[in-house]
Each structure stands twice: as structure tokens, then as C-alpha cells.
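S.K.: Got a sequence here, can you build the structure:
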Amino acid sequence: MLRFFIFLAVIFLFPLIAYAQQVNVLVVAVRGIETARVEWQPTIDYLNRTLSQHEFTLTPVIPSNYKKIRSLVRDNRIDFVITQPAFYVDLELNFGISKILTMVKKGGYSQFGSTIIVRADSDIKSLHDLRGSIVSGVAKLGFGGWLVGYKEMLDNGFDPHIDAQKVLFLGTQPRQIHAVLNREVDVAVIRTGMLEKVTRNEKISIDQFRVLAEKNHPDFNLKVSTQLYPEWAFARTKKVSNDLSKSVALTLLSMQANSSEASLAGFKEWTFPYDYQPVHDLLKALQVGPYQGYGEVELKNVVIEHWPAVVTIIFLLTSIFIIFLVWNRKLENEIENRRQVEVALRKNEEQLKLHANVFNTSTEGILITTPEPVIITVNEGLTKLTGYSKEEVIGQNPRIFSSKIHAADFYRHMWSELTEKGYWEGDITNRRKDGRLIIEWLRISQITNSEGVPTHYVGLFSDITRKKQSEEELHLRAHYDHLTKISNRLSFMERLNQELNRAKRNNSRLALLYIDLNKFKLINDTYGHHVGDYVLCEIARRLQNSMREIDAVARLGGDEFTLLLTDIVNYEEIKIIENRVLTVLQVPVDYEGVELNTGASIGVAVFPDNGSNAEELIKSADKAMYKSKQKIRDSL
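M.R.: You can find the predicted model right below:
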């Protein structure tokens, strides 16, 4: 009998086990393999608990073994990558990974830069005083610990490798800070936050240091000398489906801020992906990482980008060469010259056929216009994307595709940039022949003659409508409650923190009302979840109608709601709004003729009287709400 039950268990559980899909997550182990397992395995366990249909595994690789990181991604053995920004842009550029989230460090910082420090008693007062000094960084390719600060010094006319007495790379940032303090080096480039962390942990006075070129960035309270760049990226590889990518992103976005999983890995939470183009631009400017040798002109790139002009030049040079030979060798070489002309023409014809084949088979839309502009030719990709035939667009102005959504300033800016830079690229909304709007990524390049006068414009575009729709859908799911359509916990916490910062700046008050429905569980158990959902939607609607335009309402989960009252003058104003909400919620909800009584308990917390941050206010309001609920129970 026992064997029979074991056999049944194997039969029924095997499909569930077999269905589990293995998902490999690579993390760059900056502190070593074993430390990375301790720090990141809880996050992997969190994904496994939440997305149980998948089996997430952790693959830590140290930064110095970057060849292994690249080979794992290239060979499609990795699904997701957690990495610092410099490594991310290299993998994005070479293997097509794409960001889905950006890390928010402890303290709420999702960006970082470099801090350039000297001793407070040093004669060095600015970056212009660094000539002849000893400069240190963490490593040659350290991003925040060298490259960002190095770029800032270059922008201020100081090249450490030329103008400094010596450049040292000391390996760790605490070592650099002590080297400055002990006068081993004159100046050090460290990652933002390290100065505050080391001085705090080692009980060193931060006043012993001076920050050069100190800058102020909104909502960034760490000492910094440079512009800011996005923190670590959570990225998907090309093999990952959109559904899995969305599920992982939403799961990590829902991870509670400062949870144990996040704290172990050294961050606060994940947020929507930042723009990593500034990282690309920095590495391009310094010609390091994936951009080594960037900017060097290659003949093949010139030919591909300007093939009509190149073909024309080749033809003219060939003709001049032929005329020269004829002129010098005259009649005795006429037969040989004609043979060479025929060979050259055949080569040119083959090149033209090759370019024409690339033009016609491209899946992206391509059109070429005159300077007026008038369309003179298009490819098959354009006809498929727009629904117009070649005959319908040739001879027309590109305005034939206009959606009339963009203002005139949009097009003026486009043409101004095109004239100034020789190209323009960006997102644009156009209209197909059938009237459907499509969002395109468009690049327009200017073709000029030898005198710099524009002769043609080449437009290249692709349809990114689905991509934009997916991004919008992800945003809505992350910020709004799927049932009531009002703000969810994540969106409410962002708004609460924004209003707290504003209240602190303006020395004003705000109030948080924590609402719990008294009889909701009884309604749910008696009439079913569909009736309970109806009640929640009606309560959300009433709360929205009871609020001022400047206030906010959100559903935290279950039958719990919150109201955020801003610019509060006095407690009487709060009491008026609280009584109004209680009155509205005491009115029974009519569901198909059945009156459902809910009522509510409300707890109130006021900034700054009951707390100085979001966590303290919520705890205070929650505590007050439970006292209110207990009074109601005691009165029954």
C-alpha cells in the first residue's frame, strides 16, 4: 500500500517538477565569490518563493574574470545579470542585454559619482592646483573610484598621466582615504559615499578632508565632485521572454524597502531603469572598455554610411584615371585603356547591386529625399511599416506620414539639430495609411557635397510601438492597484517621501490617515469575494471624491487605505476631513438591493509631531488606527 501511494505521488508531482524552468542569474562578485553568495542568495530565494514556477540559481563571478562573464552571456547560459554600470554598457553594446531595473542604495541613492579629496590643511584648493601632485585611484578601470573623477579632471584642464608627479592605484578605497590622511598621496578619487562610510566606521573626523570641485545635486546629500551616473543595473539577456522579464521586474519592485534580502546585498530596493547613456558617453570620451579606439575613422564605415557619395567619387576618380592614361599613352594604349574602363565599370556595377540589395531587403524603413524635402526613393521595409506603396509616397513630402500629434516646435527643433549636427535621432509618432498610430525610432542623416551643401537626406526608422506599450503597462502595474485603479503602496510611498521632503523644506505640516474597514471580512465571508471587490472599489471611489485635489489616496492591500493630506494648517482642518471621511464610509454600500454596512477605523499621524520620516508616520498612524478600532470593540 505504501509503494502504491509513493507511485501516485511521483505520477502527480513529476509534471510540476518538470515544469519548473531554470533561470540563471549572474552577479558580479566585487567582494569575492563566497561573500557574493552570502549577500545575494537571499534575493534568489525571494524570487524562488514568489515565482515558484521557475527555479532561480545564482552564478557569482569576480570582476577580474570578466572574460568568463562575457562568455557566459555570449553563449546564452545566463538569463539575468546584476552588474555595475561600466560592465552593463559593455554587455549591452556587445551582446544586447537590456536593463529592466536600477538599484537604489541604502539611503535612497540610485545614482553615484566620484569624490575628489585632499587633506583639509592642504595647499590644494581646486582642480587647477593639482599640477605636480601625487594622485591616486582605486584601479585603472574603476568607475566611481577613478574614471568619473578622471574625466572631471580632464574637463578642468588637468591630465593626471601628464601633469601629475605620479599616479598610483591602491586597490581599495579605504586605503586611498588613509593614504591622503597619512600624506602618502596628495589627492584621491573615491566613489561617492565612501568618505562618509569610512570616517563614520573608523571614527575619523570628516573635517580632516576637503572635497575639490564640490557639487550639489537635488536629493543627493553625499559629498560629490562630478555629475551622477546610475547605480547597478538588473538586466535581461536576449534569450529571456518578455513575460518572464515582466514577472521578475514586478517581483523585485514589490520587494519591501530595506528588507533583509536587500540589506544583506547592500541596497535598499529596486526601481525603474535609469538611462545609462551617460555611462556610454563617459567611456566613449575616455576611449576605454567597449569604446577602445572610439572615434578613429575606418574606411569601411565611411563607405557603408555614405555609399552614394563614395560610389560617385570612385566613378569620377576612375574616369580621371582613364583620361590621364589615354592622354599620356595616346593611341598605342587605347585598347588596354578601354579594357580597364570596362573592368572598373563592372566593379562599380557590382557594388551598386550590393548596396541596392541591402537597401531593398532591410526590415527597417528607409527613405531618401531631396533638400526641399521630396521623397525620391523608399525600400520595401518602409512600405510594410507604413502601409503605403512606393508609388504613393515617391514625389511626396515626408509630412504624408505625420500624425499631427507633435507641435510645430518639435519639428523646428528637429531641423535645427539636423542642420547643426548633420543628423537627428529620436522617438516620433507617425500615422500609417490605415490611420493607426505607430511610435518609431527615427534617424535622419544629412548627405552633403564637397562644398558642404546638403544634397540628400536619408531617413532610417523602426516600429517600437509594442516596446513603448510594454513600458507603459509595466509602469501602470507597478504604481496602481489592479482592482480599485487608485495608487498602490509603491506609488504612495514615493508620493509620501516627496511630500515629506517638501514639508521639511517649507517647514509645513502634512497628515497621514490610516483607514481600516470594520466589517469587510464579514461581508467577504458572507457574500463572496466578488461582492467584497465591489465594496472595495466603491470605498475607493468615495475616498477619492472626499479628497482635495492636492491630496492623495491609496490602497495598501486588503481593506486598508491611506490618505495623505498636504499643506495642513492646524489640527481642526484634519479633524474636519477625518469626520467627512467617516461620514462617507458609514453610508451603506448598495449591492443589487442589499445594503452592506462597513464603517471604518481611522488612525491619524501628523508630520513633524508624530514622526520625521515615512516609516515612523505609517507606524504611528497604524497604531492610532488600532486604538480607534479597539474603542469601537469595547463599546459593543
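S.K.: separation between H128 and F158?
M.R.: 7 Å (C-beta to C-beta, to the nearest Å). Placement of C-beta: from N, CA and C, glycine included.
S.K.: More neighbours: these two, which one.
M.R.: F158 (20 against 12; other C-beta atoms under 10 Å).
S.K.: Just to check, the more buried one is in contact with G132?
M.R.: No: F158 lies out of contact with G132 (C-beta atoms under 8 Å); the separation is 10.6 Å.
S.K.: Could you name every residue contacting both of the two?
M.R.: In terms of C-beta atoms under 8 Å, 6 or more residues apart in numbering, F158 and G132 are both contacted by the residues A164.
S.K.: which non-adjacent residue is nearest A614?
M.R.: L496 (4.9 Å; C-beta to C-beta, 6 or more residues apart in numbering).
S.K.: so that neighbour is in which element?
M.R.: Counting by DSSP states H and E, the element that carries L496 is helix 489-506.
S.K.: Excluding covalently adjacent residues, which one is nearest to I82?
M.R.: Going by C-beta to C-beta, 6+ apart, I82 has V27 as its nearest residue, at 4.3 Å.
S.K.: helix or strand for that neighbour, which one?
M.R.: Using DSSP H and E, V27 falls in strand 21-28.
S.K.: Read off the pLDDT value for the closest residue to N76 other than its chain neighbours.
M.R.: Nearest residue to N76, sequence neighbours excluded (C-beta to C-beta, 6+ apart): K239, at 4.9 Å. Looking at K239, its pLDDT is 94.
S.K.: now the one 5 residues further on
M.R.: Listed pLDDT for L244 reads 96.
S.K.: helices or strands up against the host helix or strand of it?
M.R.: According to DSSP H and E, L244 maps onto helix 242-253. Helix 242-253 sits against helix 33-50, strand 98-105, strand 233-236, strand 267-271, helix 465-479, with contacts defined as 3 or more C-beta pairs under 8 Å, 6 or more residues apart in numbering; DSSP states H and E.
S.K.: what pLDDT, on average, does the last one get?
M.R.: Right, the one you point to is helix 465-479. For helix 465-479, the per-residue pLDDT averages 71.
S.K.: Residue numbering should commence at 766 henceforth.
M.R.: Right, with 766 as the first residue, what we last looked at is helix 1230-1244.
S.K.: residues contacting Y1188?
M.R.: Y1188 neighbours (C-beta under 8 Å, 6+ apart): R1208, I1209, S1210, Q1211.
S.K.: Highest neighbour count among those?
M.R.: I1209 (23 neighbours).
S.K.: Give me the distance between the two termini of stretch 971-979.
M.R.: With C-alpha to C-alpha, to the nearest Å as the measure, stretch 971-979 spans 15 Å from end to end.
S.K.: And it, what's buried?
M.R.: Buried residues in stretch 971-979, counting neighbours by 16 or more other C-beta atoms under 10 Å, are found at F974, R975, V976, L977, A978.
S.K.: What distance do you get for the first one to K988?
M.R.: Spelled out, it's F974. Distance from F974 to K988, by C-beta to C-beta: 9 Å.
S.K.: Need the residues touching each of these two.
M.R.: L960.
S.K.: Please go through the protein and pick out the longest strand.
M.R.: As assigned by DSSP state E, the longest strand anywhere in the chain is strand 1202-1213.
S.K.: Partner strands of that one, with direction?
M.R.: strand 1188-1196 (antiparallel), strand 1219-1228 (antiparallel) (DSSP bridges).
S.K.: Make CSV out of these and add distance to D1040.
M.R.: Formatted as CSV, the strands paired with strand 1202-1213 follow (distance: least, C-beta to C-beta, whole Å):
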stretch, distance to D1040
strand 1188-1196, 13
strand 1219-1228, 19
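S.K.: what about the ones you listed, which gets the closest to S1019?
M.R.: S1019 lies closest to strand 1188-1196 among these, at 28.8 Å (C-beta to C-beta).
S.K.: thinking again about what came up before, quick one, grab the pLDDT at the residue nearest to I847.
M.R.: So, for V792, pLDDT stands at 97.
S.K.: thought it was touching I827?
M.R.: No: if you go by C-beta under 8 Å, V792 and I827 don't touch, sitting 10.4 Å apart.
S.K.: the more surrounded of those two?
M.R.: Set side by side, V792 and I827 show more neighbours around V792, with 23 against 15, by other C-beta under 10 Å.
S.K.: Identify the residues contacting that one.
M.R.: A801, W805, L823, T824, P825, V826, V846, I847, T848.
S.K.: which residues of the stretch 966-1115 of the chain fall in helices?
M.R.: Remark: helices assigned in the stretch 966-1115 of the chain by DSSP state H, counting those that start in this stretch are 1007-1018, 1025-1030, 1042-1051, 1064-1070, 1072-1094, 1099-1126.
S.K.: among the ones you listed, where is the model least confident on average?
M.R.: The minimum mean pLDDT among the helices of the stretch 966-1115 of the chain belongs to helix 1064-1070 (a mean of 54).
S.K.: re the thing from before, so which of the strands paired with strand 1202-1213 is nearest R1104?
M.R.: Here strand 1219-1228 is closest among these (C-beta to C-beta), at 32.9 Å.
S.K.: now the spatially closest residue to A885 that is not a sequence neighbour: how far from K962?
M.R.: Ranked by C-beta to C-beta, 6+ apart and with sequence neighbours excluded, the top spatial neighbour of A885 is R975, at 4.8 Å. According to C-beta to C-beta, R975 and K962 sit 18 Å apart.
S.K.: ok, now N1195?
M.R.: Taken as C-beta to C-beta, the span from N1195 to K962 is 50 Å.
S.K.: out of these two, which sits in the busier spot?
M.R.: N1195 (22 against 16).
S.K.: Which strand residues bridge the more buried one?
M.R.: Under the criterion used here (DSSP bridges), N1195 is bridged to S1167, I1203.
S.K.: OK, contacts around it?
M.R.: T1151, F1166, S1167, S1168, L1202, I1203, E1205.
S.K.: Please apply the same query to I1339.
M.R.: Applying C-beta under 8 Å, 6+ apart, the residues near I1339 are A1276, L1330, I1333, V1369, V1371.
S.K.: For it, which three-state class applies?
M.R.: Using DSSP: H, G, I helix; E, B strand; the rest coil, the three-state assignment for I1339 comes out as helix.
S.K.: From V1346, how far off is it?
M.R.: Counting by C-beta to C-beta - I1339 and V1346 are separated by 11 Å.
S.K.: Identify the residues contacting L1261.
M.R.: Applying C-beta under 8 Å, 6+ apart, the residues near L1261 are L1277, L1329, A1379, L1382.
S.K.: can you count the residues close to the first one?
M.R.: If you count neighbours by other C-beta under 10 Å, L1277 ends up with 26.
S.K.: from memory it sits against K1384, does it?
M.R.: No: the criterion here is C-beta under 8 Å, and L1277 misses it with K1384 at 10.3 Å.
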